[in-house]
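> here's my sequence, what's the structure:
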Amino acid sequence: MGRDIQSLRIPLPVPGVEKPREAVMADVSSTTLSEVTWSQASHVSGSGGHGGPFVHTDWIGNHGHSGEVVTFTLEAHRNMTIGDKMVQDRVVVAHLQMPVHTMRALKNAIEQVELLLKQPASDEKN
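Reported below is the predicted structural model:
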């Protein structure tokens, strides 16, 4: 299913790198465990908190692909005060990276929401 850690090492020779990179980790963590997230096979499991992060985006700043992996850079509009001046800019809030089949599933979901938006307004929320 997954690759072992040895298969993720940088092969030799790499210019400027004399040996493969290795992760350096402490033997004992000083971090106190504050939350446990249970996982169940065949269910969607959270990786922290009660689900994934909420990402607000106003713009797709960039997109592209590398083989069968597509990428999107999400940006948000930002207003700040610096000194006595109001400054507006856009800031990157997330990088989405997914295989083509997941992009197609996302596209299908977006098209379904677009159909819902075309329906007559009602008091019921989806």
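> where does Thr81 land on pLDDT?
Per-residue pLDDT puts Thr81 at 90.
> got the contact list for the nearest residue to it once chain neighbours are set aside?
Leaving aside its chain neighbours, Thr81 sits nearest to Val87 (7.3 Å; criterion: C-beta to C-beta, 6 or more residues apart in numbering). Any C-beta I mention is one placed from the backbone N, CA and C, and that applies to glycine too. Val87 makes contacts with Asn79, Met80, Thr81, as judged by C-beta atoms under 8 Å, 6 or more residues apart in numbering.
> considering those, which possesses the most neighbours?
Met80 (10 neighbours; other C-beta atoms under 10 Å).
> shaky segments in the protein?
Counting by pLDDT under 70, the low-confidence segments of the chain come to 1-51, 121-126.
> rewinding a little: okay, the contacts of Val87 in a markdown table with distance to Ile60 and secondary structure next?
Output for the contacts of Val87, formatted as a markdown table (distance: C-beta to C-beta, whole Å; DSSP: H, G, I helix; E, B strand; the rest coil):
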| residue | distance to Ile60 | secondary structure |
| --- | --- | --- |
| Asn79 | 20 | strand |
| Met80 | 22 | strand |
| Thr81 | 27 | strand |
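> redo these as TSV? Include distance to Gly67.
Formatted as TSV, the contacts of Val87 follow (distance: C-beta to C-beta, whole Å):
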residue	distance to Gly67
Asn79	39
Met80	38
Thr81	44
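> and the helices in this protein?
Here the chain has its helices, by DSSP state H, at 100-118.
> residues touching the closest residue to Gln97 other than its chain neighbours, list them.
Once flanking residues are discounted, Gln97 sits nearest to Thr71: 5.0 Å by C-beta to C-beta, 6+ apart. By C-beta under 8 Å, 6+ apart, Thr71 lies in contact with Asn62, His63, Gly64, His65, His95, Leu96, Gln97.
> any idea how far Pro99 lies from Leu116?
26 Å (C-beta to C-beta, to the nearest Å).
> between those two, who's got more neighbours?
More crowded of Pro99 and Leu116, by other C-beta under 10 Å: Pro99, with 12 against 8.
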